[in-house]
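Student: this one's structure only:
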């Protein structure tokens, strides 16, 4: 029997599957060079502060290409809890570009925003739109990640690591498909109308329902 997983820890098999999915998507919609993206402990301490704020990482694109290939980059900011709800708001500064080195970009927020806009244009299929799968990027790749307190606390405070690497994987979600005709065994290439009216929970949940226990 394997060791018990820590909070927010992915089972190794799931992590491997996510990486495999990412490699497969590199053949289709993901054509970016991905550098080492590293969050340093000292950067985490600055962003988390005494209140252990959460860290949000925004994705961006470098202005210059690397060997004619677009290059991903990332920026980390501090996010604080607004009121008693579950809404986290970013502090505008400090902001750090997180790579092999963590660089304070607090005096370059315009440059950060331009980088994020470039990434979102790529995500929307506006950049490199000759790629047949460019339009699908918006359904696969997020704008940013709001990291939990627990995983970073575990790495930097409990395990006392000096840095943590951020990598990417793809999880494939099962969606509900709705058909107006009832067929006991539907062929894979069935051409009848199929709809997708289902919002997935989470995030679309009834928090008060007895069928949605916490």
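Tutor: Good, I have the coordinates. All of these numbers come straight from a predicted model, not from anything done at the bench.
Student: show me what contacts the residue nearest the centre of the chain?
Tutor: Most central residue of the chain, judged by C-alpha distance to the mean C-alpha position with CA atoms, centre = their mean, is residue 145 at 4.4 Å. Shown in contact with residue 145 (CB atoms under 8 Å, 6 or more residues apart in numbering): 56, 57, 166. Placement of C-beta: from N, CA and C, glycine included.
Student: with residue 183 instead?
Tutor: Contact criterion CB under 8 Å, 6+ apart gives 190, 192 as the residues in contact with residue 183.
Student: residue numbering should commence at 257 henceforth.
Tutor: Will do, 257 is the new start, and the previous item becomes residue 439.
Student: from residue 432, how far out is it?
Tutor: From residue 439 over to residue 432 the distance is 16 Å, taken as CB to CB, to the nearest Å.
Student: now do residue 367
Tutor: The spacing between residue 367 and residue 432, counted by CB to CB, is 42 Å.
Student: same drill for these two, tell me which one is more crowded.
Tutor: A side-by-side neighbour count of residue 367 and residue 432, using other CB atoms under 10 Å, places residue 367 first with 14 against 10.
Student: before we move on, which element is that one in?
Tutor: Under the assignment given by DSSP states H and E, the secondary-structure element containing residue 367 is helix 365-379.
Student: buried sites along that helix?
Tutor: Residues of helix 365-379 classed as buried by neighbour count (16 or more other CB atoms under 10 Å): 368, 371, 372, 374, 375, 376, 378, 379.
Student: quick one: pLDDT of the residue nearest to the centre of the chain?
Tutor: In the prediction, the pLDDT value recorded for residue 401 is 92.
Student: and it, that's in a strand?
Tutor: Yes. The assignment for residue 401 is a strand, going by DSSP: H, G, I helix; E, B strand; the rest coil.
Student: which residues pair with it across the strands?
Tutor: On the basis of DSSP bridges, residue 401 takes part in beta bridges with residue 313.
Student: helix or strand right after the helix or strand hosting residue 294?
Tutor: Secondary structure from DSSP H and E places residue 294 in strand 293-296. Read in the C-terminal direction, the helix or strand following strand 293-296 is helix 297-304, with elements assigned using DSSP H and E.
Student: fine by me, we can end here.
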